[in-house]
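S.K.: Model the following, please.
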Amino acid sequence: MNEKQVHKFVNRYLEATECSILEKSPNHFTVKLSPHADRELTNRPYYWSFVDRVNAEPETMTFLFVTDKNKYDAVEEAKLNDAAIKSAQAPAENAQEAAANAALGRSLGFVHGNLAAPARVPREDLFFGARKLDMLFDAAKAKGSYVYLFQEPDKRSTNPFSSTPYTAWLGVNMRVEFACDRKREEIHCFGVSLATGQCVEQFYDRLLTHKLTPRLPANIHITKNGISYNKALSIVEQALERKLRAYDYSWAESASARLKEELERISGYYEPLVEHALEENKPAIEEQFVQRQSEIRWQYEPRVTASAINCGIFHLAGID
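M.R.: From the prediction side, this is the model:
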């Protein structure tokens, strides 16, 4: 995941959670979190329990999220250099300003500069693997595992009595993991019409061609579902199983051969050890042997697992 992808994801998260973006560039965000985002990202359970208990107005935190550290630091360094050059070019003005401040100090007393300084804004560098970015991923996954959306009409009908039929689709993103001592993952997106049972692949690409909204548009009606959610899910499972059956599984045969080789290797080490060990030491050695065999099988045994990442009900125009 590169810097542009991280920046795009963070921007979408901040907009979805209604945070106030105070400053923004291609390399950073200065943002005041919404109450919802503050609860998820700041780990302040005692503060939020106090707010909920006394029904007080919450004061959320402000963060500097840097999505491209090198570019952001270069820009900030250039700003500091420009400020230093300007201050060097105007020594007289600075001296006059210092004299005025000294006079005010004698008249009004000393005022500490930190009192007038802006509040410190915590900085978080967001890159793939960063703790704060992982928190954003977890929050998006927890809150975005299921959606219920409608396609926005391309244009509003001039006839107030006309109604456009919409069909409900079950969209599911499936993760398929091919694992042995190596690992590979694939993501498949399926859509099933709840009216007809039609199943299509690459459903996400179809959704990208439409503008979606959580609000029910005017002048539409939803067609009656012809199949249940469970039936639609079984159609997805069958389509994915048919797709996986056509794959080449020579990698699994190679992994099984490596598994057999590793088991023979540890057997050649532990079996003589058990045979010549003292009676009181044999149970511990045999237990270690069994544990090692289990670890080798877990590492090398080929397996294919499928799991649902997220899903949603999408109401699209037409009867499909």
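S.K.: which outside residues touch stretch 132-141?
M.R.: With contact meaning CB atoms under 8 Å, 6 or more residues apart in numbering, stretch 132-141 is reached by 6, 9-10, 13, 37, 40-41, 65, 124, 126-127, 310. For every residue, glycine as well, the C-beta is placed using N, CA and C.
S.K.: and of the residues you listed, the nearest to residue 74?
M.R.: Distance to residue 74, by CB to CB, is smallest for residue 127 among the contacts of stretch 132-141, at 16.1 Å.
S.K.: which phi and psi does that closest one have?
M.R.: phi -140, psi 160 (degrees, to the nearest 10).
S.K.: How about residue 173?
M.R.: Backbone torsions of residue 173, given as degrees, to the nearest 10, read phi -100, psi 120.
S.K.: out of the contacts of stretch 132-141, who has the most neighbours?
M.R.: Ranked by the number of neighbours (other CB atoms under 10 Å), the contacts of stretch 132-141 place residue 65 first, at 25 neighbours.
S.K.: Quick check: that one vs residue 228, distance?
M.R.: 43 Å (CB to CB, to the nearest Å).
S.K.: same thing with residue 251?
M.R.: 37 Å.
S.K.: Can you say which two of the contacts of stretch 132-141 are spatially most distant?
M.R.: 124 and 310 (25.5 Å).
S.K.: sorry, back to before: please narrow the contacts of stretch 132-141 to those residing in helices.
M.R.: Among these, the ones falling in helices (DSSP state H) are 6, 9-10, 13, 37, 40-41.
S.K.: want to throw those into JSON lines with pLDDT?
M.R.: Supplementary listing: the ones in helices among the contacts of stretch 132-141 in JSON lines, determined by pLDDT from 0 to 100:
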{"residue": "6", "pLDDT": "90"}
{"residue": "9", "pLDDT": "91"}
{"residue": "10", "pLDDT": "92"}
{"residue": "13", "pLDDT": "90"}
{"residue": "37", "pLDDT": "91"}
{"residue": "40", "pLDDT": "90"}
{"residue": "41", "pLDDT": "90"}
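S.K.: As JSON lines, these with distance to residue 152 would be great.
M.R.: Converted to JSON lines, the ones in helices among the contacts of stretch 132-141 look like this (distance: CB to CB, whole Å):
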{"residue": "6", "distance to residue 152": "28"}
{"residue": "9", "distance to residue 152": "23"}
{"residue": "10", "distance to residue 152": "25"}
{"residue": "13", "distance to residue 152": "22"}
{"residue": "37", "distance to residue 152": "26"}
{"residue": "40", "distance to residue 152": "28"}
{"residue": "41", "distance to residue 152": "30"}
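S.K.: Could I have the CA atoms of stretch 130-143 written out in CSV?
M.R.: Included here for stretch 130-143 are C-alpha records, laid out as CSV according to Å, rounded to 0.1, in the frame of the first residue of the first chain:
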residue,chain,number,x,y,z
ALA,A,130,1.8,2.0,11.5
ARG,A,131,-0.3,1.5,14.7
LYS,A,132,-2.6,4.4,14.0
LEU,A,133,-3.3,3.3,10.5
ASP,A,134,-4.1,-0.2,11.8
MET,A,135,-6.6,1.4,14.1
LEU,A,136,-8.2,3.1,11.1
PHE,A,137,-8.4,-0.2,9.3
ASP,A,138,-10.0,-1.9,12.3
ALA,A,139,-12.5,0.9,12.7
ALA,A,140,-13.5,0.8,9.0
LYS,A,141,-13.7,-3.0,9.1
ALA,A,142,-15.9,-3.0,12.2
LYS,A,143,-18.3,-0.3,11.0
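S.K.: Can you give me the buried ones in it?
M.R.: For stretch 130-143, a neighbour-count test (16 or more other CB atoms under 10 Å) marks 132-133, 136, 139-140 as buried.
S.K.: And stretch 294-302, by the same measure?
M.R.: Quick answer for stretch 294-302 (16+ other CB under 10 Å): 296, 300, 302.
S.K.: and the next element down the chain from the longest helix along the chain?
M.R.: Across the chain, the longest stretch assigned as helix under DSSP H is helix 250-275. Toward the C-terminus, helix 250-275 is succeeded by helix 282-300 as the next helix or strand (DSSP states H and E).
S.K.: Contacts for stretch 171-178 next, please.
M.R.: Contact with stretch 171-178 is made by 183-192, 203-204, 207, 233, 236, 240, 244, 251, 302, 304-314, as judged by CB under 8 Å, 6+ apart.
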